[in-house]
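In: next comes the sequence, and after it the predicted model I'd like to discuss.
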Amino acid sequence: MPPDIFDQWADAAAPASPEASDAPIADTTPTPDPAPATPALLRRALQDLLKNGLLEQSAKPHLFRQIAADTARINTLLEPLDLQVKVDDHRGLAFVAVAAGYQPEGDDEDEWTHPLVRRQRLTLEQSLLIAILRREFLQREQEGGLGVPVQLAVESLLPQLEIYLGSTGSDMQERKRLLNLLDHLRAHGVVSDVDAQERITIRPMIVHLANPENLQALLQRLREIGNAADEGTA
């Protein structure tokens with residue numbers, strides 16, 4: 001008896017069995033979605049921040065806004081490195097800091113605050129100039145408000161240094177000493193280059209560079225040394 005026409009149609013529509021086909025069986029196991037990539041602008045902002053250690057809104061407003069808006073996400077990315085970003089919205093400043101829970105290991109504690117952050121070793125003269133510049137910066141902020149650029153004439157710093165360091169007897173040597181100190185501090189992101197009008201801009205990072213109590217103690221100690229020297233020559 002010939003096969004029923006309806007059976008023939010059913011056989012033609014049925015899928016081929018695995019035994020009858022050499023084609024590989026497709027893997028139907030669901031694959032997890034890939035983790036979302038870090039947005040390009042956020043990646044660029046974080047790279048710039050790690051490269052320079054700080055980022056100012058006045059110089060790179062788009063990158064600063066990205067960091068300010070995604071601070072929590074950036075800190076998550078930095079957490080394995082024991083680093084964090086701190087944002088000073090009032091002064092338009094973001095900078096990298098060592099995480100509070102970081103614990104140095106072994107002898108590294110003497111030379112490193114963190115494997116990726118070199119401890120800033122400043123001489124007495126450099127620390128003194130930072131203290132003077134910080135005082136000037138905060139005083140100008142009180143007078144003009146937060147976020148206002150603070151500029152100083154280089155010459156105005158010479159008498160202040162002389163109070164604590166004494167006079168060398170040579171205006172040229174004293175100016176050279178001051179310019180060398182400013183050039184060193186520029187590398188720490190607290191002052192700009194000397195411009196054509198012989199002025200510098202004090203950058204807002206100076207507020208966060210050093211502990212104010214330590215700076216005040218430094219100034220007090222220098223005053224004591226100066227007073228003792230005056231009494232000895234009297």
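Out: Yep, that arrived. Numbers count the residues shown, from 1 in each chain.
In: every contact and neighbour count from this point should use C-alpha atoms.
Out: Fine.
In: quick one, domains of the protein?
Out: The chain breaks down into these domains under automatic domain parsing: 40-118, 124-233.
In: can you put those domains in JSON lines and add mean pLDDT and mean neighbour count?
Out: Formatted as JSON lines, the domains of the chain follow (pLDDT from 0 to 100; neighbours: other C-alpha atoms under 10 Å):
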{"stretch": "domain 40-118", "mean pLDDT": "82", "mean neighbour count": "16"}
{"stretch": "domain 124-233", "mean pLDDT": "82", "mean neighbour count": "15"}
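In: where exactly do the strands run in the protein?
Out: 54-56, 83-88, 93-98, 112-114, 117-118, 150-153, 199-202 (DSSP state E).
In: mind putting the ones you listed in a markdown table, distance to residue 160 included?
Out: Listed next are the strands of the chain as a markdown table, based on distance: least, C-alpha to C-alpha, whole Å:
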| stretch | distance to residue 160 |
| --- | --- |
| strand 54-56 | 28 |
| strand 83-88 | 29 |
| strand 93-98 | 28 |
| strand 112-114 | 31 |
| strand 117-118 | 29 |
| strand 150-153 | 12 |
| strand 199-202 | 16 |
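In: of these, which is nearest residue 72?
Out: strand 83-88 (8.9 Å; C-alpha to C-alpha).
In: residues in contact with that closest one?
Out: Outside strand 83-88, the residues that touch it by C-alpha atoms under 8 Å, 6 or more residues apart in numbering are 68, 71, 74, 75, 78, 93, 94, 95, 96, 97, 98, 99.
In: same check, this time on stretch 68-77
Out: Counting by C-alpha under 8 Å, 6+ apart, 42, 46, 67, 83, 84, 85, 87, 89, 94 sit against stretch 68-77.
In: quick check: the farthest pair among those residues?
Out: Using C-alpha to C-alpha, the pair of the contacts of stretch 68-77 lying farthest apart is 83 and 89, separated by 19.3 Å.
In: residue 48 against residue 55, yeah?
Out: Yes - at 7.5 Å, residue 48 and residue 55 qualify as touching, with contact defined as C-alpha atoms under 8 Å.
In: ranges for the helices of the chain?
Out: Secondary structure of the chain (DSSP state H): helices at 5-13, 40-52, 61-69, 71-78, 124-144, 154-165, 171-186, 206-209, 212-233.
In: quick one: closest of those to residue 193.
Out: With C-alpha to C-alpha as the measure, helix 171-186 is the member of the helices of the chain nearest residue 193 (7.0 Å).
In: check which helices and strands that closest one sits against.
Out: Under the contact definition 3 or more C-alpha pairs under 8 Å, 6 or more residues apart in numbering; DSSP states H and E, helix 171-186 sits against helix 124-144, helix 154-165.
In: and residue 168, what does it touch?
Out: The contact partners of residue 168, by C-alpha under 8 Å, 6+ apart, come to residue 174.
In: measure it to residue 147 for me?
Out: Here residue 168 is placed at a distance of 37 Å from residue 147 (C-alpha to C-alpha, to the nearest Å).
In: cool, and residue 187?
Out: Distance of residue 187 to residue 147, given as C-alpha to C-alpha: 22 Å.
In: same check on residue 79?
Out: Where residue 147 is concerned, residue 79 sits at a distance of 30 Å (C-alpha to C-alpha).
In: as CSV, the contacts of stretch 68-77 with distance to residue 204 would be great.
Out: As requested, the contacts of stretch 68-77 are arranged in CSV below (distance: C-alpha to C-alpha, whole Å):
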residue, distance to residue 204
42, 23
46, 20
67, 17
83, 21
84, 18
85, 16
87, 12
89, 11
94, 10
